[in-house]
Every structure is written in structure tokens, then in C-alpha cells.
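S.K.: I'd like to go over a predicted model; first the sequence, then the structure.
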Amino acid sequence: MAESIAATAGGQAAGTPGSGTDPGSEDSLIRALRPRNFGEYVGQGNVISSLKVAVQAAKQRAEAVDHVLFHGPPGLGKTTLAHIIAREMGVKLTHTSGPALERPVDMVGLLSNLEAGEVLFIDEIHRLSHAVEEYLYSAMEDFVVDFVTGKGAYSRTLSFPLKRFTLVGATTRAGMLSAPLRDRFGMVYHLDYYSPEELTRVVVRSAQILEVKIEMDGAAEIARRSRGVPRVANRLLRRVRDYAEVHGKGVATLPISRKALEIEGVDELGLDRLDRQYLSTLAVQYRGGPAGIEAIAATINEDSQTLVDVVEPFLLKIGFIIRTPQGRKATPEGLSHLGVDGSANADADADRKQGKLGI
């Protein structure tokens, strides 16, 4: 008999559905599912081990933690880790994003209001404007902000001292960070995709918080289809929960999980409708490629940046596409998953090469 897991009455974190907050809002659910300390965090073992040491050492010296940069695909826990650092240090966290800081005065206002040891979290930090970013250099390194007053021969530079703080930056595109900014982070961590076993633990923990009865094989099925991303796993769990309440007597079994995810358009490898549309367009319309990302985006009427940031990382990870100087190409594995015969595409590719060579 499959093992069934039910929610426990005790040990719920603040903000969980059983704690008196509004369980109906999506934001409250997301907050409830976030780990609150290093002990609750699943996965990213090397990162967590290093952060534990850094936080413990900073607490022993009564100092702020060194500046931290997290980079990697969306949904892997960058924001959660920023909150955990602040909570473990017992300090306040101020949360903002790169696009929200439009003018230097916005950045100066945030920095000047930080107390000693507090955490400033900037999401999508690669989208900071150059003018705003320059104010961070002296703030991160010397904990001062320099103002220039007056003009010409009457100009003067005034230094405004700041209290020592911790900047935590998160980005999905580390390559777009300028070298001066990147070099000022004392700790830089890349967050990688989760294994199915780690995601199963994430699903089981989330099911307990949401008070969902789930069998282990049902949890493992959700994990397998979650693209290696905890955020996706939690989203799919909520959809399976809804289906189980209507069609499965409230228990997320393996058949219930499979049926719910099939309705959601998520296949056995975790590809959703947009993934398959991208892959099908590349395989059929462009005969396996190579094809430019702008051409693919125009064909499926989707933003090219969405394809680059959301769709392509997973397809690259599982080896269904490759990036070449000429454009994107579908691999034999990707064609096989769609049930497309790759031999015709290979013959067409050979014909194109022969034509270029004048054979």
C-alpha cells in the first residue's frame, strides 16, 4: 500500500493556512510555503553549508554578513535565501528590484534608511541603470555615498556615511552584471536545478503545510514533472490538490496526480504547452533548425525574452535543443519526444550544406 502523508497539527510556520491568515490569497500561500530557516531549506547543499558558516561567523563577530549575489534560473530560491539570511541574523530585510530603482535618489533613500546589519535585497539586480549602480560601488565597499554639489569650479563632493549593511542581489542573467558591481560581492553562488528526490521532499513539506493528503508516489510524480524548480513543484501541487478534492476524495494518489497534470498540459518530462509549441515549431516549421530566436518567437507569437529566460533553459538542460552560432537546433532526443522523424530533417540539412558547397 502506498504511504500516505497528512498534515500535522503542530509545527506550522507563521502565515500557514492553519495560522489564522487569509488562506485564499496566492501571496499568503507562497509565503507560507517558503522555508523560514536553513534547517527547512531543501537542496542547494553546498550553498547552504557556506551560508551557514558565513552567518555564524558574522554573528560571533557582531558584524553584518558580507554582500551576497545569487544567480540562476527563476524559481530556485534566491528570494527565499535572502529572507533566511535576514531571519537567521535577526535583522530587517528591505526588498526592492532593479527596475524599481529608476533614479539615484531612490537608491540613496534606501541606503540611508538602513540600520546596522540590515539586509537590502535587490531582485533582478542586472536591470539597475548605470547611474543608480554607480552609487552602490562606494556604498558596498566603503559604506559611504558621495554627493556632488554645485557646478564647475564651485562643485564639491560630500560623503554621507552609511551604517554597515548586507546587500543581497539576485539575478537570472549574471552575464549582464557589470564587472565592477559583480566584483564587490564577497559571496557569489549559482543555484542549480533540483533533483527529483529533492523536489519530492519539497512537495511533501508543502503538502503538510497546505494540509493536503498525498501519497509518496503521487508526490514523486509531481516532482518528476516540475522541471527541477521548487516554484513549479508548489504550483503543480496546488493544481493536483484542487483536482484531488473534486475527483479523488481529497487524496493525491499517483493516478490523480497524473490526470491532474495531464489536464494542466504538463507531460511526463515536465514540458508544458509553451515548451512543446516551441519545440514543435523548431522541429516542423524550421525542419529542426538552425533557426534564430526572433524568428521562433514571431512564429509562435511569444516574446523572445520569455523564450530565452523561461523555455530554453530547461530544454537545454534535458538536451532537447542546442544553441549554435547559426541559431537553435532540435536534437534527435527532442525530435523523438515529439514523435518527429529526424531523418527527413537530416537529409534536408545535408542538401543545404551541399548547396552551399556547390556539390
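M.R.: On my side now, so go ahead. Residues are numbered from 1 along each chain as shown.
S.K.: Over to the spatially most central residue of the chain: give its phi and psi.
M.R.: The centre of the chain sits closest to Pro74, judged by CA atoms, centre = their mean, with a distance of 2.0 Å. As for Pro74, its main-chain torsions (degrees, to the nearest 10) stand at phi -60, psi 150.
S.K.: For Gln285, list the residues it contacts.
M.R.: Thr299 (CB atoms under 8 Å, 6 or more residues apart in numbering). Where C-beta positions appear, they are placed from N, C-alpha and C, glycine not excepted.
S.K.: Tell me the confidence at it?
M.R.: With respect to pLDDT, Gln285 scores 90.
S.K.: Tell me how far it lies from Gln277.
M.R.: 11 Å (CB to CB, to the nearest Å).
S.K.: if we can go back for a sec, please report how far the residue nearest to the centre of the chain lies from Leu199.
M.R.: 15 Å.
S.K.: Next: Tyr278.
M.R.: 23 Å.
S.K.: ok so, going back, wait, isn't the residue nearest to the centre of the chain in contact with Val310?
M.R.: Yes. Pro74 lies in contact with Val310 (CB atoms under 8 Å); the separation is 7.1 Å.
S.K.: in which helix or strand would I find the residue lying closest to Glu197 once chain neighbours are set aside?
M.R.: Counting by CB to CB, 6 or more residues apart in numbering, Glu197 lies nearest to Ala223, which is 7.7 Å off, once chain neighbours are set aside. In the assignment (DSSP states H and E), Ala223 maps to helix 216-224.
S.K.: buried residues in that helix?
M.R.: Judged by neighbour count (16 or more other CB atoms under 10 Å), helix 216-224 contains these buried residues: 217-224.
S.K.: Just name the closest of the residues you listed to Leu120, please.
M.R.: Using CB to CB, Ala223 comes nearest to Leu120 of those, at 33.8 Å.
S.K.: thinking that closest one is in contact with Arg205, fair?
M.R.: No. Counting by CB under 8 Å, Ala223 sits too far from Arg205 to count as a contact (11.6 Å).
S.K.: Also compute the angle for the next helix-or-strand element following the helix holding Ala223 relative to helix 216-224, please.
M.R.: Next helix or strand after helix 216-224 toward the C-terminus (DSSP H and E): helix 230-247. Relative orientation of helix 230-247 versus helix 216-224 (axes from the mean of the first three to the mean of the last three CA atoms, to 10 degrees): 140 degrees.
S.K.: Which of the three states applies to Leu51?
M.R.: Of the three states, Leu51 takes helix under DSSP: H, G, I helix; E, B strand; the rest coil.
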